[in-house]
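[1] Got a predicted structure here, sequence first:
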Amino acid sequence: MPDTFFTPHQRATVEAAMARIIPTDDTPGATEAGCVDFVDRYLSGIGYIYAKPDGSGFETLTGPSADAWRQRIEIMRRRYTEGLADLDQRARAAFGEDFVALSPERQDATLSEVEKAGSGAKASTPGESLGEPALQQTSTEVDLDFLPLLIAHTRQGFYCDPIYGGNRDRIGWTVIGFPGPASLKDVHTGRYTTLQYFAEGEADKVREFHDGL
Amino acid sequence: MAYSTKPDRTDVVIIGAGASGAAAAKVLCEAGMKVVALEKGPWRRKESFGGDELANINRYNLWPDPMLNPRTWRETAADKARLEMFCPVPQMVGGGTVHWQGWLPRFTPNDFRLRTVAGELAGTSLADWPVSYDEIEPYYLKVEWAFGVSGEAGANRFEGPRSGGYPCPPMPMSRYAQKFHQGCSALGWNSFPTPQAALSRPFGGRKATVVSAFAQQHGDPTGTRSSALNVFIPHAVATGNFELRPDCLVRELVLDSQGRIRAAIYQDADGNLVEQEAGLFILACGAVETARLMLLSKSGRFPNGLANGSDLVGRNVTFHEYSAAVGTYEDPIYAWAGGGYVSASTFQHYEHDDSRGFVSGGHVAVAGVGIPLPINWHLPGAPGWGAEAKKVDRDNFNHSLAVAMVLHDMPRHDNRVDLDDEVVDAWGLPVARVTLAAHENDLAQGRYLIDRGADILEASGARSVNKVYAQRVTGNCSHQHGTARMGDDPGLSVLNRWCRAHEVENLYAVDGSPFPTGTGANPTLTIMANAWRVADRIIATRGAAA
């Protein structure tokens, strides 16, 4: 089974759009973090849904959970296929070229148009709010429209554990200043602690109880 | 076939092996009773948990899969219900305690008599509890010591009398807790280290908690946080009296000719139907699923669901609501450290105060912003994408925190759980349908608590403050109560003061479903304490009518 889903053109379009969602500026962005690799592999099937907790590979899904994930992946593939076609159609209608060939400004304008169409609200620029967070604890990706789904996957690819193919060399974590664990294994074995980031002197009080300090 | 013949009759069947079911199992087994627990989900070992936000939060590694376990919600009975993951809780051995951070405040004495304290409130079914703080108090202490709770006795000025202190000193102080204490102190408000189900010191043969960033909503691979899975379940297993059957979904409870429950009918992992007989049956599925199972168990005697002659099963459901005022600071806060929930709290706005113009109040506490990363969160008001969105993440990830509230939503007769007439789950059973409209009191109280959170942010020197008011009750904090109220009057309650059904003498419920009111505090300590109290009563009466 191949570890990709997109056609070369779809992949280039996703990569270009992700580069507008988390752009490269004086710090690395979605491109450097490999966000497109993350989502391309995610959509390839159900082989990369859950990393093994010690980081030694990926779980094999079985039973009803596997069925549910096959359905979800299928729904998201369709959303990407249709959403990417729509993106190109809008780009060609407005600017006469495919999305991937547009300037960053025109790509932003095209994404804003998609956003406007999806929300029924006025077009927003990249600087405007998508609305208040619901403070929900859980998420349901399959309920999202194409652009919110792409944004969610870009953020996931930027900030997830590197084992999922994004956040390459911990780029996303470095950008926001999250020291993070060295690996999933470090969390799994209990070596990883965040006590150094507690109030001044607090870690010292409990140092004797912590191998990781 | 898991069983070639019908399994032996047992003393007690517990349905659900989460916080309350595991607590009851431990107590009953230690007294020598034979217990079979039927758990819908898997029995996962700590080694199966990891520090993986994608798996744990986004991909239903711990949360229920909405394709397999859907729920629906509508605001009123006149509306069409729609699919919504309303108030999900992990469905596995250990239940919600598997992925919680475990804030374990006690309810206050007035929580047990709010109807008396606050009077009648139109449009609600506010009620006193049939039990008092003093009756629950000894069990609070038992649970706190079993779990090795870390806290500071007496630090919460609004807490009721204690018969003993906490087994472990408070957790180390996070920077976000420090800000919270500073703000409260400047305002002249009492604040205290949030009591926590984690070991600040080695305790009971277990190591001190590692204080990972992957804590709240993540399972614990180290076993150093305290949960039903790593405390009560091993206690019950150690007795030799406990048989825990995971991946077993109870479809209904069936009666004998005397109107007592004869057996639980369940489907095992291989799809076989199995009948388990017992002397008594304890529901511990969480308030939503307990009500659902009662409603699924229809019979000639109870055509509207088990023990539901009063039509009260599923009604008066409450859920709390989680929202926050979010602040940013010049100096780094690292509010992801410890998973964002090694916190500080205040009950300054918890007790009812007539002068505020609404009933009751809630627990206000500090928390992190990501879980722990900004995958599933961004600052209120921040753009969703683009250069500015990236800058907001970068500038604020280490500099922001939330002062959150536990909203005490009011019980209402028409707010209820019943069976959806269209949607079924992966086992073909009708799912829980939540009908829920917030009362104006909920929204007014929510605005008040968020405003007080903003006061704390400002008083502690926040450079920006953003309030996110609750617009409705969405079930977003996984607390659920009240679907099988306990009370002394069978016309007004489903269960009696010992959480035994008024109408079925060998049926108990020990999760949040007996709670007449939701209170303004995190419920699981009280759920476990109450389950322990009920189990003690069952032992004392040996199953005779309580």
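    Received, thanks.

[2] Determine the longest helix present in the chain.
    Picking chain A for this. Identified as the longest helix of chain A according to DSSP state H is helix A:63-95.

[3] let's do chain B instead
    helix B:440-459.

[4] Return the mean pLDDT over it, rounded to an integer.
    Averaged over helix B:440-459, pLDDT sits at 98.

[5] list the helices and strands the helix or strand following that helix packs on?
    Later in the chain than helix B:440-459, the nearest helix or strand by DSSP states H and E is strand B:464-467. With contacts defined as 3 or more Cβ pairs under 8 Å, 6 or more residues apart in numbering or on different chains; DSSP states H and E, strand B:464-467 has these neighbours: strand B:322-328, helix B:440-459. C-beta here means a position set from N, CA and C on the backbone, and glycine is covered the same way.

[6] Make TSV from these and add distance to chain A and mean neighbour count to it.
    Output for those, formatted as TSV (distance: least, Cβ to the nearest Cβ, whole Å; neighbours: other Cβ atoms under 10 Å in any protein chain shown):
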stretch	distance to chain A	mean neighbour count
strand B:322-328	6	26
helix B:440-459	11	21
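
[7] quick one, which of those is nearest to B:Ile527?
    Among the helices and strands packed on strand B:464-467, strand B:322-328 comes nearest to B:Ile527, with 17.5 Å by Cβ to Cβ.

[8] which residue does the stretch 301-450 of chain B bring closest to chain A?
    Closest residue of the stretch 301-450 of chain B to chain A, Cβ to the nearest Cβ: B:Gly386 (2.5 Å).

[9] and that residue, how far is that from B:Val392?
    Computed as Cβ to Cβ, to the nearest Å, the B:Gly386 to B:Val392 distance reads 10 Å.

[10] what do you get for B:Ile450?
    21 Å.

[11] what do you get for A:Asp143?
    According to Cβ to Cβ, A:Asp143 stands 25 Å off from B:Val392.

[12] Give me the more crowded residue out of those two.
    Comparing A:Asp143 with B:Val392 by other Cβ atoms under 10 Å in any protein chain shown, the one with more neighbours is B:Val392, at 19 against 13.

[13] Check whether that one really touches B:Gly384, as I assumed.
    No - B:Val392 is beyond contact range of B:Gly384, at 10.2 Å (criterion: Cβ atoms under 8 Å).

[14] what do those two both touch?
    Common neighbours of B:Val392 and B:Gly384 (criterion: Cβ atoms under 8 Å, 6 or more residues apart in numbering or on different chains): B:His378.

[15] Now residue 144. Nearest residue, chain neighbours left out?
    Assuming you mean chain A. Take A:Leu144 and drop its neighbours on the chain: the residue closest to it by Cβ to Cβ, 6 or more residues apart in numbering or on different chains is A:Ala152, 6.3 Å away.

[16] oops, I was thinking of chain B
    B:Tyr166 is the one closest to B:Glu144 (Cβ to Cβ, 6+ apart), at 6.0 Å.

[17] Give me the distance between the one you found and chain A.
    The span separating B:Tyr166 from chain A equals 16 Å under the rule Cβ to the nearest Cβ, to the nearest Å.

[18] For that residue, which residues are in contact?
    Here B:Tyr166 is in contact with B:144, B:149-153, B:195 (Cβ under 8 Å, 6+ apart).

[19] so is it in a helix, a strand, or just coil?
    State at B:Tyr166, reduced to three classes by DSSP: H, G, I helix; E, B strand; the rest coil: coil.

[20] Would you mind listing which of the contacts of B:Tyr166 are buried?
    B:144, B:149-151, B:195 (16 or more other Cβ atoms under 10 Å in any protein chain shown).

[21] and these, which two are the farthest apart?
    For the buried ones among the contacts of B:Tyr166, the farthest-apart pair by Cβ to Cβ is B:Glu144 and B:Ser150; their separation is 9.6 Å.

[22] any common contacting residues for the two?
    Taking Cβ under 8 Å, 6+ apart as the criterion, B:Glu144 and B:Ser150 both touch B:166, B:195.

[23] What's the local residue count around the residue nearest to B:Val366 when sequence neighbours are not counted?
    Spatial nearest neighbour of B:Val366, excluding adjacent residues (Cβ to Cβ, 6+ apart): B:Phe180 at 3.9 Å. The local packing of B:Phe180 (other Cβ under 10 Å) involves 30 other residues.

[24] in the helix or strand that contains B:Phe180, what counts as buried?
    Per DSSP H and E: B:Phe180 is located in helix B:175-187. By neighbour count with 16+ other Cβ under 10 Å, helix B:175-187 contains the buried residues B:175-184, B:187.

[25] likewise stretch B:260-276?
    Using 16+ other Cβ under 10 Å as the test for burial, stretch B:260-276 gives B:261-268, B:274, B:276.

[26] cool, and stretch B:6-19?
    For stretch B:6-19, by 16+ other Cβ under 10 Å, it's B:10-19.

[27] thinking B:Gly339 is in contact with B:Val210, fair?
    No - between B:Gly339 and B:Val210 there is no contact under Cβ under 8 Å: 10.7 Å.

[28] neighbour-wise, which of these two wins?
    The neighbour comparison of B:Gly339 against B:Val210 (other Cβ under 10 Å) goes to B:Val210, with 29 against 26.

[29] interface residues of the stretch 101-250 of chain B facing chain A?
    Contacts of the stretch 101-250 of chain B with chain A, taken as Cβ under 8 Å from any Cβ of the partner chain, map to B:172-175, B:177-178, B:200-202, B:207-208, B:210-214, B:217, B:221-222, B:224.

[30] With the stretch 401-546 of chain B instead?
    Residues of the stretch 401-546 of chain B lying near chain A (Cβ under 8 Å from any Cβ): B:426, B:468, B:474, B:476-478.

[31] Report the two of those separated the most.
    Farthest pair in those (Cβ to Cβ) is B:Ala426 and B:Val468. Separation: 34.2 Å.

[32] out of the two, which sits in the busier spot?
    A side-by-side neighbour count of B:Ala426 and B:Val468, using other Cβ under 10 Å, places B:Val468 first with 21 against 16.

[33] what about that one, distance to B:Arg447?
    11 Å.

[34] Low-confidence stretches in chain B?
    Along chain B, the model assigns pLDDT under 70 to residues B:1-4, B:543-546.

[35] so where do the helices sit in it?
    With helices called from DSSP H, chain B shows them at B:19-30, B:53, B:114-118, B:133-147, B:175-187, B:232-238, B:287-296, B:387-396, B:440-459, B:524-541.

[36] which residues are contacting the second one?
    Translated: helix B:53. Contacts to helix B:53, defined as Cβ under 8 Å, 6+ apart, come from residues A:159-161, B:214, B:218, B:371-373, B:375-376.

[37] Now the longest helix of chain A: buried residues?
    Buried, per 16+ other Cβ under 10 Å, within helix A:63-95: A:65, A:68-69, A:72-73, A:76, A:79-81, A:83-84, A:86-88, A:90-91, A:95.

[38] Could you do stretch B:186-201 as well?
    For stretch B:186-201, the buried set under the neighbour-count rule, 16+ other Cβ under 10 Å, comprises B:187, B:189, B:191-201.

[39] what's the answer for stretch B:280-293, then?
    Buried residues in stretch B:280-293, counted by 16+ other Cβ under 10 Å: B:280-293.

[40] Residue 205: neighbour count?
    Answering for chain A, as no chain was given. Look at A:Lys205: counted by other Cβ under 10 Å, it has 14 neighbours.

[41] if you could check chain B rather than the one you did, that'd help
    B:Gly205: 6 neighbours (other Cβ under 10 Å).
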